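Visitor: just need the structure, nothing else, for what follows:
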Amino acid sequence: MVWECLRVARRGVCVTTPNRWFPIEFHTQSPLVHWLPKSLGRAIFRRTGYGFFAQEANLNLMTQAELRRVMAGFPGLRHHFAPTRLWGWTSNIVLMIHK
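Guide: Alright, predicted model coming up:
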């Protein structure tokens with residue numbers, strides 16, 4: 001996805017994702033379930049009526065470290081993170097990429 005965004009962007013790209021380590025998962029409003037091992041968390045989502053979000057293609061929460069690893073595939077591009085905070089926690093991670 002980042003590659004395609006960079007391909008069509010003129011000056012840069014802004015990508016935002018919910019932070020995996022925020023205690024509430026925004027899509028389901030479930031507290032802490034997404035901190036469990038992925039297989040267990042996805043099983044709980046299925047059993048509680050959130051089958052759509054149990055599929056990794058529909059809900060793949062990331063950490064800032066994971067986004068850094070994505071950016072390692074684009075050497076030479078300047079980027080920085082602009083976290084969004086709620087209650088003192090980073091709720092969303094905003095990745096700014098400059099061409």
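Visitor: hey, let's count contacts and neighbours off CA atoms from now on
Guide: Noted.
Visitor: residue 90: what secondary structure?
Guide: strand (DSSP: H, G, I helix; E, B strand; the rest coil).
Visitor: what sits against it?
Guide: Going by CA atoms under 8 Å, 6 or more residues apart in numbering, residue 90 touches 19, 21, 22, 83, 84.
Visitor: make JSON lines from the residues you listed and add pLDDT to it.
Guide: Output for the contacts of residue 90, formatted as JSON lines (pLDDT from 0 to 100):
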{"residue": "19", "pLDDT": "95"}
{"residue": "21", "pLDDT": "95"}
{"residue": "22", "pLDDT": "97"}
{"residue": "83", "pLDDT": "89"}
{"residue": "84", "pLDDT": "94"}
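Visitor: my guess is residue 96 meets residue 77, correct?
Guide: No: assessed by CA atoms under 8 Å, residue 96 is found out of contact with residue 77, at 10.3 Å.
Visitor: which of those two has more neighbours?
Guide: residue 96 (15 against 12; other CA atoms under 10 Å).
Visitor: strands along this protein, start to end?
Guide: 12-18, 24-25, 30-31, 78-81, 84-86, 89-98 (DSSP state E).
Visitor: could you export these as a markdown table, including distance to residue 37?
Guide: Below are the strands of the chain laid out as a markdown table (distance: least, CA to CA, whole Å):
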| stretch | distance to residue 37 |
| --- | --- |
| strand 12-18 | 17 |
| strand 24-25 | 14 |
| strand 30-31 | 14 |
| strand 78-81 | 26 |
| strand 84-86 | 24 |
| strand 89-98 | 20 |
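Visitor: in terms of secondary structure, what does the longest helix seen in the chain contact?
Guide: If you go by DSSP state H, the chain has its longest helix at helix 38-47. Where contact means 3 or more CA pairs under 8 Å, 6 or more residues apart in numbering; DSSP states H and E, helix 38-47 is not packed against any helix or strand.
Visitor: quick one: average pLDDT of it?
Guide: Average pLDDT, helix 38-47: 95.
Visitor: in that helix, what counts as buried?
Guide: Of all the residues in helix 38-47, those buried under the rule 16 or more other CA atoms under 10 Å are 41, 42, 44, 45.
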